[in-house]
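1. Give me the fold of what follows.
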Amino acid sequence: MRNFRRTAVAGTMIAGLMTAGAATASAAPFGSLGDGPDLVITQANAEGVNACAVRVTNEGDGTATGVTVHTPLVYESRNLGTLAPGESKIAEYFDCGFSERIFYFATTSGETNWSDNFLYIEL
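-> The predicted structure follows:
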């Protein structure tokens, strides 16, 4: 009887953790902090821009201020200023002749989801 009670309690605890984990995971994406700016960085792929250009879009519901794109390999960055919700800007003038691969990341004050702020481009 004693072992059965431990097993039942352990099973209830595991079921509760699984339920709590499922609810938490579906509530927000990895790295999400809630409402506010949410930068997404993609390769620009636009006519008239170089292959190294990137597009930064604010997909959040708050204004992104101090938006900056960084390339740590060459310690270069571009300040894009402010992005309203839904607004995009292109950062170019990066020197892409130094490497076949470039890593970028975008930052802003109050970022709510860091999981989509990174981009790796193979040229």
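2. Show me how the record splits this structure into domains.
-> Domains of the chain are assigned by automatic domain parsing as 1-30, 39-122.
3. roughly how far apart are the nearest residue to residue 95 once chain neighbours are set aside and residue 52?
-> Excluding its sequence neighbours, the residue lying closest to residue 95 (Cβ to Cβ, 6 or more residues apart in numbering) is residue 74, at 6.8 Å. C-beta coordinates here come from the backbone N, C-alpha and C atoms, glycine included. Distance of residue 74 to residue 52, given as Cβ to Cβ, to the nearest Å: 11 Å.
4. Pull up the overlap in contacts between the two.
-> Overlap of the contact sets of residue 74 and residue 52 (by Cβ atoms under 8 Å, 6 or more residues apart in numbering) consists of 94-95.
5. Out of the domains of the chain, which one sits most buried?
-> domain 39-122 (a mean of 16; mean count of other Cβ atoms under 10 Å).
6. what residues are up against the residue lying closest to residue 76 once chain neighbours are set aside?
-> Nearest residue to residue 76 in three dimensions, chain neighbours excluded: residue 94, at 6.3 Å (Cβ to Cβ, 6+ apart). By Cβ under 8 Å, 6+ apart, residue 94 lies in contact with 50, 52-54, 71, 74, 76, 78, 102.
7. Please state the backbone phi and psi of residue 94?
-> Backbone torsions of residue 94, given as degrees, to the nearest 10, read phi -70, psi 140.
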